[in-house]
Every structure is written in structure tokens, then in C-alpha cells.
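K.L.:
Return a 3D structure for these sequence lines:
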Amino acid sequence: MTIVSKRKFGFTSSSVYRRKEPHAFAYLSERATFWIAVLSIFAFVTGNMVGQNGWHVFWKSVLGEGGDSMIVFTGMVPPVPKIPDYDKWAKLGGSPRTNTFRQVPVDLLVAMPTYIRYGDDTKSNPGLRRTYFVEHLGTYETGRGKGSHVGEDISLPEGTPIQSVANGIVDKVGNDPGGYGNYVLIRHPNVPDVEEKGKKSTIYSVYAHLSTVLVQENMVVLKGDQIALSGMTGNASAPHLHFQMDRSDAPFHPYWPFSSADQRSAHMNFVQAIDAGLKRENGVQYTLDPMLTVQAYETYAGPVVADASAASSAQASSSSRARLTMEERRQQRVIKLAAQKTTLVAYNDNTPIVAIPAAASSSAKPGEGTVASVRFLHSGSFQDRGWQTLTITLLDAAGDTIQTPVTGDGKIHLSTAFGRADFDPQDVPFSSFKNGVYRAKILPHEGQTVVVREELTGSMSQPMKYVR
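P.N.:
Now for the predicted structure:
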């Protein structure tokens, strides 16, 4: 029995014994609303921390830049998932200058075409030019040539979804009214270096002239995540995406090879400076050809099992079997692309893999040898800027050397699919080949792995690796 303590008329009373009151949690445990609140908080915290960005942002706040070590490189995808088929769209009256992405019929959306550098070749593919109207280190005058425009300008109707090309961290979201307009800069750490096996590097991708930005700084994004919508903000005369890639050692990001002071010193406006190649050497040193880089890593699948028979044995580990499966898928894709006459330079565990497309026809007369493909032989590596021998062999559809002379005014035009090099000569007439063979000279430069490409059939060489 408990007697409540009272004070009345000067008298004081107290309880016969003290009663221990229950703990607050005991009281709350009897209330359903308490448990609902606890479960709601738990669900909220768990959902945010295991979501796309939660854990990465948390560790970045704790570890700072060290959080980059948590970003795993899983290959690359193009910056635009789908673009209009411009030829078919034009027949319906559509144009990226006057229509938006929402106005493109769904059945006219296609994947981005494979990007191929044309250098100074004025006979470029019209379809590619409609998509990539200014190439990396090209000019505004022709879209190609030796200019100082870093990155590719990709024609897109306003509102086209833009995606991150690889896993990374949003380093900067900015607005540059006189240049890039609205832009997103993403840092991609732990990218396998194509120039030095076993080394990893950091690449910065830039997406500019955007109409809408959908990400924030320090946000972790995954390969293929939508980050923005295309537009024509900043210094842009038509809707397009300016897509570029900076090396990590660039003085600043996004990097541009010349400044306003450089323009004034050269007495040039912006367009004149681009077309004249002002400070082009800076672009060569501090930026990458973004689309070639994306295509180089598009089928990246990590380490590859060299011995397939060992991988299929009972003693093969589960990780080895998983890598073999990825390699089989990659090989199937390479075969499929080759059958579609598609040029691809892919890097797998830093080893370039070249898919040679089906042959194009030449100007040779029937019965006198038709060039189906070209085979290149070289030293496989280079260390300095000395000229090396590049042996070119003409092959028929069966893969045999063409012994009979190939007549006509056809020629072999040499360029690069990856890296850069000079050729002597760059154009080799069929008449110069003896027993189907010609020895040209190649001068690789810029410290990059080089893959030679022949324009007539699209054939490519094995990589010539730069050795430090």
C-alpha cells in the first residue's frame, strides 16, 4: 500500500514503502507508435546509406580525397545513350536545331555511331559528320584538321539525356556564360592506364552547354547514370554537347589550351584561335580524345583468363570462371561488330583488342586482285621519336597476300585509330606495292600507345606500345 505524501495543517505524511517507477522505455514499449517511429527512422537511415550515393558520400566526408579508392572502374559507355537517326528524322521534317528530343519519334532513336578520326581527310563519312561535327583538336572551319578545340562537339536536339561515361564523383557543377555554359565535371579515379600496364590514373570528363543539370557536387555517380539534359547554354550557336576528357595533371579542370591573354597576344578572336591551332600542344599534353577513350574502354571486363582449358577444368576457381565468362561475351561482341563492318578498338586488362571490319571494295578490276583487308607489321613498341618501319600487306577475301598487281587509281590512306603518329608516305597508291607488300615509315609521338588504321577497308594494326 502506498500513502501519498501530503502536507496539510502543518502535518507531514509519507508512504509506508517506496515504489520504484518503471523506466521510460518500459512505458514506451507499451505504445505501438514508439515502435513505428523506431522502424521508420531505421528504414530511412538504411535506405539512404545503402542507396546509390549514401555510403560513398559518407566515407568521402570521413576520408576526404581518400574516398576515391572506393570507386571501382567497370569500363565506359558513350555520353549519350540514344540519338536520332538524323537521315530518317530529316525526312519527317525533324532537325536538332528546331526540334527537341521529346519530339523525336521513339522508333527513330539509335545508339551513337562509332567515332572515327578523319584528320585532314575531307572525304569524311557524312553520317558521322552530322553527329560529331567538331573532332578532338579540330577546327571550327572544317570540324577536322589541326586546330585547338579540345573534345568533340556532338550534335543533339535540346533535352537529350546525358549520362556519366564511367563510375566517378561529381567534382564540379558550374556555369560559364561566355564558354561552357552549364557544365558538369566528373572525376573518374582508378582507370587502368592504356600507356603503362599495371598503372592506374584519374580522368576528368566534361559535359558542357547543358540545359539542365541533374547532379550535385560530391555526388557519386555510376556508369550510365543520367546526369543532365543537353542544350545550347554558353558560347554555342546550335544545340549540342561539348564532351571532353582531361588528364589528371592538367593545371585546371575543365582545361582549355589557351587563355584570353593568349588570344590578345596573337591578335585573334576565339574562333580564329581555334582554327589556327593556338596552343594546340597544350591540348595534346593535357587532354585525351574523349570518344576514342570511351570506345577503348567500352568492352573492358577486367583481367582475362589466358588459358581457357585450365579455366574449364575442375580445379579452376570461381573467380577464374567468372572472368572466362566475361571474356567469352567480349569475344562474341567483337565477332558481331566485325560482321557489322564496325570498327572497334577495345582495351581489356590494358591489352588492345582490335576488331577488323569486313572488307570494302576497291577500285581493282575483277580478276586482278580485290583488296579485302590490310595487314600491318611493326616492332610492337617504341621508346623515342625515331622513325620505324611499317610493313603493309594487301590481303584478299581469303586472307591471302595479293600477288597480282592491283590496278586502278586506288590507294591506302594511313591514319590512327588510337594515339597519334606521322606517316611517310600517308597515301600509298596500289601501284607502289610489290607482290602485295609495301614498307612505309611511321613516327609515333605524344607518349601514347598507337593503333594504325587504314581508311579504305577499315583494317587496323595491333598496338604499338610506348615504353618509358
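
K.L.:
okay, how far is it across stretch 93-107, tip to tip?
P.N.:
15 Å (CA to CA, to the nearest Å).

K.L.:
Only the buried residues of stretch 459-468, if you could.
P.N.:
By neighbour count on 16 or more other CB atoms under 10 Å, the buried set for stretch 459-468 is 459-466. Using the backbone N, CA and C atoms, a C-beta is placed for each residue, glycine as well.

K.L.:
now those in CSV, with pLDDT?
P.N.:
What follows is these, written out as CSV (pLDDT from 0 to 100):
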residue, pLDDT
Ser459, 80
Met460, 81
Ser461, 83
Gln462, 80
Pro463, 80
Met464, 81
Lys465, 79
Tyr466, 76
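
K.L.:
Filter those residues down to just the ones in strands.
P.N.:
Of the positions in the buried residues of stretch 459-468, 465-466 sit in strands, assigned by DSSP state E.

K.L.:
which two of the buried residues of stretch 459-468 lie the greatest distance from each other?
P.N.:
With distances taken as CB to CB, the most widely separated pair in these is Ser459 and Tyr466, at 21.9 Å.

K.L.:
End to end on stretch 402-419, go ahead and measure it.
P.N.:
Using CA to CA, the end-to-end distance of stretch 402-419 comes out at 29 Å.

K.L.:
give me the low-pLDDT residue ranges for the stretch 251-400 of the chain?
P.N.:
By pLDDT under 70, the low-scoring segments of the stretch 251-400 of the chain are 301-369, 385.

K.L.:
which residues in it form helices?
P.N.:
260-266, 270-276, 280-286, 290-297, 308-311, 318-339 (DSSP state H, counting those that start in this stretch).

K.L.:
Verify the stated contact: Leu456 with Val371.
P.N.:
Yes - the pair Leu456 and Val371 passes the contact test of CB atoms under 8 Å, sitting 6.8 Å apart.

K.L.:
Those two - which one has more neighbours?
P.N.:
For Leu456 and Val371, the more surrounded residue by other CB atoms under 10 Å is Val371, and the numbers stand at 27 against 19.

K.L.:
Distance of that one relative to Thr404?
P.N.:
Per CB to CB, to the nearest Å, Val371 is found 12 Å from Thr404.

K.L.:
ok, now Thr100?
P.N.:
56 Å.

K.L.:
Give me the more crowded residue out of those two.
P.N.:
Neighbour count, other CB under 10 Å: between Thr100 and Thr404, Thr100 has more, with 17 against 12.

K.L.:
Now do stretch 179-198: distance from first to last residue.
P.N.:
37 Å.

K.L.:
what pLDDT, on average, does it get?
P.N.:
Stretch 179-198 shows a mean pLDDT of 87.

K.L.:
How about the contacts made by Tyr183?
P.N.:
172-176, 206-210, 234, 242, 254 (CB atoms under 8 Å, 6 or more residues apart in numbering).

K.L.:
just curious, which of the buried residues of stretch 459-468 is nearest to Leu443?
P.N.:
Of all the buried residues of stretch 459-468, Leu443 sits closest to Met464, with 10.9 Å by CB to CB.

K.L.:
Skip the chain neighbours and tell me the closest residue to that closest one.
P.N.:
Nearest residue to Met464, sequence neighbours excluded (CB to CB, 6 or more residues apart in numbering): Val450, at 4.5 Å.

K.L.:
Tell me how many other residues crowd the one you found.
P.N.:
24.

K.L.:
Could you pull up the contacting residues of it?
P.N.:
Going by CB under 8 Å, 6+ apart, Val450 touches 382, 416, 418-421, 442, 444, 463-464, 466.

K.L.:
Next one: it from Ser379, what distance?
P.N.:
For Val450, the distance to Ser379 equals 11 Å [CB to CB].

K.L.:
any residues in contact with both of those two?
P.N.:
Shared contacts of Val450 and Ser379 (CB under 8 Å, 6+ apart): Met464.

K.L.:
Flag every buried residue along stretch 164-179.
P.N.:
Across stretch 164-179, burial judged by 16+ other CB under 10 Å covers 164-171, 173, 179.

K.L.:
Show me which of the residues you listed is closest to Leu92.
P.N.:
Val165 (30.2 Å).

K.L.:
isn't the closest one right next to Gly75, touching?
P.N.:
No - checked against CB under 8 Å, the pair Val165 and Gly75 is beyond contact range at 9.4 Å.

K.L.:
joint contacts of these two?
P.N.:
Residues touching both Val165 and Gly75 by CB under 8 Å, 6+ apart: Lys223.

K.L.:
And for Lys82, nearest residue in space, chain neighbours not counted?
P.N.:
The shortest distance from Lys82 to any non-neighbouring residue, by CB to CB, 6+ apart, is to Leu109 (4.1 Å).

K.L.:
Now do the contacts for Asp422.
P.N.:
Residues near Asp422 by CB under 8 Å, 6+ apart: 442-443, 445.

K.L.:
so what pLDDT did it get?
P.N.:
We have a pLDDT of 89 for Asp422.

K.L.:
Please report the distance of it from Leu292.
P.N.:
Distance from Asp422 to Leu292, by CB to CB: 18 Å.

K.L.:
Look up how far Ala417 lies from the closest residue to Met112 other than its chain neighbours.
P.N.:
Once flanking residues are discounted, Met112 sits nearest to Pro78: 4.6 Å by CB to CB, 6+ apart. To Ala417, Pro78 is 17 Å away according to CB to CB.

K.L.:
So those two - more neighbours on which side?
P.N.:
The neighbour count for Pro78 versus Ala417, taken as other CB under 10 Å, is higher for Ala417 (25 against 22).

K.L.:
same for the lengthiest strand in the chain, what does it pack against?
P.N.:
Longest among the strand segments of the chain by residue count, using DSSP E, is strand 200-213. Here strand 200-213 touches strand 168-176, strand 181-192, strand 226-230, strand 240-247, going by 3 or more CB pairs under 8 Å, 6 or more residues apart in numbering; DSSP states H and E.

K.L.:
That strand vs helix 290-297, what angle?
P.N.:
Here strand 200-213 runs at an angle of 120 degrees relative to helix 290-297 (axes from the mean of the first three to the mean of the last three CA atoms, to 10 degrees).
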